[in-house]
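Asker: Have a look; sequence and predicted model below, questions after that.
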Amino acid sequence: MNRNTNIANVIDGNAEKSQYDAEAKKVLADKNILAWVLKYSVKEFSEYPVEVIQECIEGEPEIGVHRVLPGHVPAAIKGMNTEDAVPGEGTLTFDIRFSVVTPDDKRVKLIVNVEAQKSYYPGYDLVTRGVFYGARLLSAQYETEFADGYYDDIKKVCSVWVCMNTPKKVENTITRYYMMKEDVHGHVEDTARYDLLEVVMVCLGKDCIDEKGKP
């Protein structure tokens, strides 16, 4: 099964329109489509049907229309702000931002950001930008998901980049970047929660869409 083709099929009902920012965000924010994105890009959901995943998405996904200044703490995660202003960087907007709970008995909560990216080469490395977005999602949890040194309450974050107009060498690929432990000297068995940030690049292939812009 071609995972990338499945994602492309549910995203590109109208391929030309969906490449415009507003249209792409609107399409991607649909819970059914987000469920497909989660299934094929976030490992915690890979074994579940999209119908189950869809029910795990909390509230309504926020599209990039709200703004919060640094230091402003939202009252609750639900209805999360989708913009973070960074000194010297202007305002950065999260395309789509939402929380989701795993379907298993553990009911682990994750915070997910999905970005629709038209240009694969915007003048900088998209993965690096994804890491920055993930870091912002982590730090924004202070006094909303955790406070007063209770770092174990931090929720894992995933920044998923759905890339269109990709070069041939990366077409039809899904690549995950994440933190992992390396024993430099000796071996330590531990249960440390370092798996807290992932960046996933979903590079759609042009062959998923026909000449009329239909999947």
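Answerer: Structure received. Bear in mind that the values here come from a model prediction, so they are computed numbers and not experimental data.
Asker: Tell me where this protein has strands.
Answerer: For the chain, the strands defined by DSSP state E occupy 57-63, 83-86, 90-93, 96-101, 109-117, 156-163, 173-178, 197-203.
Asker: Export those as a markdown table, with columns for distance to Gly130, mean pLDDT and mean neighbour count.
Answerer: The C-beta positions use only the backbone N, C-alpha and C, and glycine is treated the same way. Output for the strands of the chain, formatted as a markdown table (distance: least, C-beta to C-beta, whole Å; pLDDT from 0 to 100; neighbours: other C-beta atoms under 10 Å):
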| stretch | distance to Gly130 | mean pLDDT | mean neighbour count |
| --- | --- | --- | --- |
| strand 57-63 | 18 | 87 | 17 |
| strand 83-86 | 14 | 56 | 16 |
| strand 90-93 | 12 | 62 | 13 |
| strand 96-101 | 14 | 94 | 23 |
| strand 109-117 | 8 | 94 | 23 |
| strand 156-163 | 5 | 96 | 24 |
| strand 173-178 | 7 | 97 | 14 |
| strand 197-203 | 4 | 97 | 23 |
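Asker: Of all these, which one comes closest to Tyr48?
Answerer: Set against Tyr48 and scored by C-beta to C-beta, the strands of the chain come closest in strand 96-101, at 11.2 Å.
Asker: for the closest one, packing partners?
Answerer: For strand 96-101, the elements it packs on are helix 31-41, helix 50-56, strand 57-63, strand 109-117, judged by 3 or more C-beta pairs under 8 Å, 6 or more residues apart in numbering; DSSP states H and E.
Asker: Just put these in TSV and tack on distance to Phe132.
Answerer: Formatted as TSV, the helices and strands packed on strand 96-101 follow (distance: least, C-beta to C-beta, whole Å):
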stretch	distance to Phe132
helix 31-41	19
helix 50-56	27
strand 57-63	19
strand 109-117	11
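Asker: Out of these, which is closest to Thr175?
Answerer: Minimum separation from Thr175 across those (C-beta to C-beta) falls at helix 31-41, 9.6 Å.
Asker: Return that closest one as CSV; C-alpha atoms alone will do.
Answerer: Extracted C-alpha coordinates of helix 31-41, given in CSV (Å, rounded to 0.1, in the frame of the first residue of the first chain):
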residue,chain,number,x,y,z
LYS,A,31,-11.1,15.9,10.8
ASN,A,32,-11.5,13.1,8.3
ILE,A,33,-8.4,14.2,6.4
LEU,A,34,-6.5,14.9,9.6
ALA,A,35,-7.2,11.3,10.6
TRP,A,36,-5.6,10.0,7.4
VAL,A,37,-2.6,12.3,8.0
LEU,A,38,-2.2,11.0,11.6
LYS,A,39,-2.5,7.4,10.5
TYR,A,40,0.3,7.5,8.0
SER,A,41,2.6,10.1,9.6
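Asker: Quick check: mean pLDDT of it?
Answerer: Averaged across helix 31-41, pLDDT comes to 95.
Asker: So what touches that helix?
Answerer: Residues outside helix 31-41 that contact it (C-beta atoms under 8 Å, 6 or more residues apart in numbering) are 3-4, 6-7, 10-11, 27-28, 45-46, 48-51, 53-54, 57, 61, 96, 98, 100, 112, 114, 158, 160, 162, 174, 176, 200, 202.
Asker: I am finished for the moment; much appreciated.
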